[in-house]
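A.B. asks: turn this into a model:
(chains A and B)
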Amino acid sequence: MKTTNKKIEVVKPYSLYKWTTNFKRVQERFFDNQYKLRRIQQIEDFVALNNYRSVYHVHEVHLDLDIPETTDITTADLILVTHNGYSRYPLNGIVDKINSWLDTGADLYLCLNRHYLNIDNQKIDLDLPKEFLPAITSWLKQSLPMATVVDLSRNYRDNGTQFSWVVPDRQYFIKRT
Amino acid sequence: MKKLIESFSDYPMVSDRSEVSKHNYIRYRIGRIKHEYWLKNRKSKDKILVDTYDWFILNNLRPGNTCMFGSAGYYLDQLVENLTVVEDWPVVKWFYPAATIITDRKEFGTLYPNTFDNFIVVNNRGDQWAERDGTVEHIGNYTKSLRSGGLLFYSFRDTQNNEWNRLTTDHYKYYYEIANIVKEKYDLNLLWHDIKFAVKEPLPPDFTDYDIMENPDTTNGNIKFVFQYKDNTHPLDTSFLDD
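C.D. replies: Numbers count the residues shown, from 1 in each chain, chains lettered A, B, ... in the order given. Modelled structure (predicted):
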């Protein structure tokens, strides 16, 4: 090591990630022209076309959505989850949380980030497809037998340019049957 | 109506026009988080900030030439002898003119053949978004720059890799297998590894105050390897990782 007159301060690694909540707005400034994320349009269209009037939005990143929002989950007819953090729950925790959202009586539009799923490396006792993306849908359907699970996701190979940390890529409509 | 896009590549970016611009700087910063250490260290007259993983690397380097690639390595230039900083973003020249800029990892074999005694890659965003085979190929390109006996410190995160099934694959085995593959392909011998995943507590009944943080060490990566090229006798001291 090079010698130095300065004091070397050794710290425990800490998270240096910033901009989380403003990630969308930061990325928007990379472009000259006005654009809109297709996956945001998809959510707005879903809300409008299905006539939801009171959406409780659980979010992390500011998405600037044009939807009728409510801050009171008990009055919501749709719960929209775009917060990446829920994808970092253990898998059984995600299912428990989905059930708690459905217990409010509202329908659920759930966005999961594929890259976080099973973050704690648990063995799953289910028969799942070999391919990852169909396996996510199969896991949800098998884990929620009392609900209808509709996969609204677009399948693609993520190369880091698809805004997956703005709106998580796996999108599901879930409704109690 | 605004144009709908799904990917960065669906629309030209402002930053495409100029390699050195505020836009490119911000994009670079998002991917090179240890740049923050450099911002702090260059201003301080009496102190150099490093973390325990840096400290582990610094105290285990072999004498000779060291390369840091894609890791904002200039934050260690006050502490590492004969340091070559290589990046793939031209904007780095703006604030660190000594950096070498490459466009393809294959250039290591021609620019710096058998040159380095240490090669360091710490959580390089550009190395991620690869399949495991892609990671192995990157390591192969770095190995072309290593002298016999040279060390490769390689760390990354699991949450930006592609084309593996996180629901049906044992994460630990999947990543540890990299060590077996690079031994076979490149004669890189594993000296040390640290592969850690989140350990989650049971969810509280009301779901409040639950830890939704990521895997350990998002800064340096939760998967860490140290390899030695064509040798396995370099003594590593892991006590420097202690808090």
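A.B. asks: how about the most centrally placed residue in chain B: what's its closest non-neighbour residue?
C.D. replies: The centroid of chain B falls nearest to residue B:122 when counting by CA atoms, centre = their mean (2.5 Å). Here the nearest residue to residue B:122 in space, its sequence neighbours aside, is residue B:71; by CB to CB, 6 or more residues apart in numbering or on different chains that works out to 4.2 Å. In short, each C-beta sits where N, CA and C put it, glycine included.
A.B. asks: equivalent analysis for residue B:148, please.
C.D. replies: The nearest residue in space to residue B:148 (CB to CB, 6+ apart) is residue B:230, at 4.6 Å.
A.B. asks: could you report the neighbour count for that neighbour?
C.D. replies: 14 (other CB atoms under 10 Å in any protein chain shown).
A.B. asks: correct me, but it touches residue B:149?
C.D. replies: Yes. Between residue B:230 and residue B:149 there is a contact under CB atoms under 8 Å: 6.5 Å.
A.B. asks: mind listing the helices for chain B?
C.D. replies: Per DSSP state H, chain B carries helices over the ranges B:22-31, B:35-41, B:52-58, B:92-95, B:107-111, B:132-143, B:171-186.
A.B. asks: report all helices and strands that the helix or strand bottoming out on mean pLDDT in chain B contacts.
C.D. replies: Using mean pLDDT, DSSP states H and E, the weakest-scoring helix or strand in chain B turns out to be helix B:22-31, at a mean of 86. Using 3 or more CB pairs under 8 Å, 6 or more residues apart in numbering or on different chains; DSSP states H and E, no helix or strand is in contact with helix B:22-31.
A.B. asks: list the buried ones in that helix?
C.D. replies: Residues of helix B:22-31 classed as buried: B:23-31 (neighbour count, 16 or more other CB atoms under 10 Å in any protein chain shown).
A.B. asks: average pLDDT for the helix or strand encompassing residue A:36, rounded please.
C.D. replies: Secondary structure assigned from DSSP states H and E places residue A:36 in strand A:35-37. For strand A:35-37, mean pLDDT rounds to 88.
A.B. asks: show me what it pairs with in its sheet, parallel or antiparallel.
C.D. replies: strand B:3-5 (parallel) (DSSP bridges).
A.B. asks: ranges for the strands of chain B?
C.D. replies: In chain B, the strands defined using DSSP state E lie at B:3-5, B:47-51, B:66-69, B:83-87, B:100-101, B:116-122, B:146-156, B:188-195, B:223-229.
A.B. asks: where does the chain dip in pLDDT?
C.D. replies: I'll assume chain A. A:18 (pLDDT under 70).
A.B. asks: actually, chain B is the one I wanted.
C.D. replies: Along chain B, the parts satisfying pLDDT under 70 run over B:15-17, B:19, B:243.
A.B. asks: 80 - rerun?
C.D. replies: B:1, B:12-20, B:205-213, B:243 (pLDDT under 80).
A.B. asks: any idea how far the residue at the greatest distance from the centre of it lies from residue A:50?
C.D. replies: Largest separation from the mean C-alpha position in chain B: residue B:1, at 40.7 Å (CA atoms, centre = their mean). As for residue B:1, its distance to residue A:50 is 21 Å (criterion: CB to CB, to the nearest Å).
A.B. asks: check residue A:109 too.
C.D. replies: Applying CB to CB to residue A:109 and residue A:50 gives a distance of 9 Å.
A.B. asks: pull up the overlap in contacts between these two.
C.D. replies: residue A:78 (CB atoms under 8 Å, 6 or more residues apart in numbering or on different chains).
A.B. asks: could you confirm whether the helix or strand hosting residue A:149 reaches chain B?
C.D. replies: Element membership for residue A:149, per DSSP H and E: strand A:147-151. No. Judged by CB under 8 Å from any CB of the partner chain, strand A:147-151 makes no contact with chain B; its nearest approach is 14.7 Å.
A.B. asks: repeat for stretch A:135-145
C.D. replies: Yes. Using CB under 8 Å from any CB, stretch A:135-145 reaches chain B at A:135-136, A:139.
A.B. asks: which residue sits closest to residue B:91, ignoring its sequence neighbours?
C.D. replies: Nearest non-adjacent residue to residue B:91 (CB to CB, 6+ apart): residue B:24, at 4.2 Å.
A.B. asks: contact partners for the one you found?
C.D. replies: B:15, B:18, B:89-91.
A.B. asks: out of these, what pair is the most spread apart?
C.D. replies: For the contacts of residue B:24, the maximum inter-member distance is 12.6 Å, found between B:18 and B:89 (CB to CB).
A.B. asks: compare those two (neighbour count), which wins?
C.D. replies: residue B:89 (20 against 12).
A.B. asks: thought the more buried one was touching residue B:26?
C.D. replies: No. Contact criterion CB under 8 Å: residue B:89 and residue B:26 do not qualify, at 11.2 Å.
A.B. asks: dihedrals phi and psi, residue A:103?
C.D. replies: Reported as degrees, to the nearest 10, the phi and psi values for residue A:103 are phi -60, psi -20.
A.B. asks: does stretch A:58-78 come close to chain B?
C.D. replies: No. Judged by CB under 8 Å from any CB, stretch A:58-78 makes no contact with chain B; its nearest approach is 9.3 Å.
A.B. asks: who's in contact with that stretch?
C.D. replies: A:20-25, A:40, A:43-44, A:47-48, A:50, A:52-57, A:79-86, A:104, A:106-109, A:165-167.
A.B. asks: kindly supply the ChimeraX command isolating those of those that are buried.
C.D. replies: With 16+ other CB under 10 Å as the criterion, this ChimeraX line picks the buried residues out of the contacts of stretch A:58-78:
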select /A:23,24,40,43,47,52,55,56,57,79,80,81,82,83,84,85,86,106,107,108,109,165,166,167
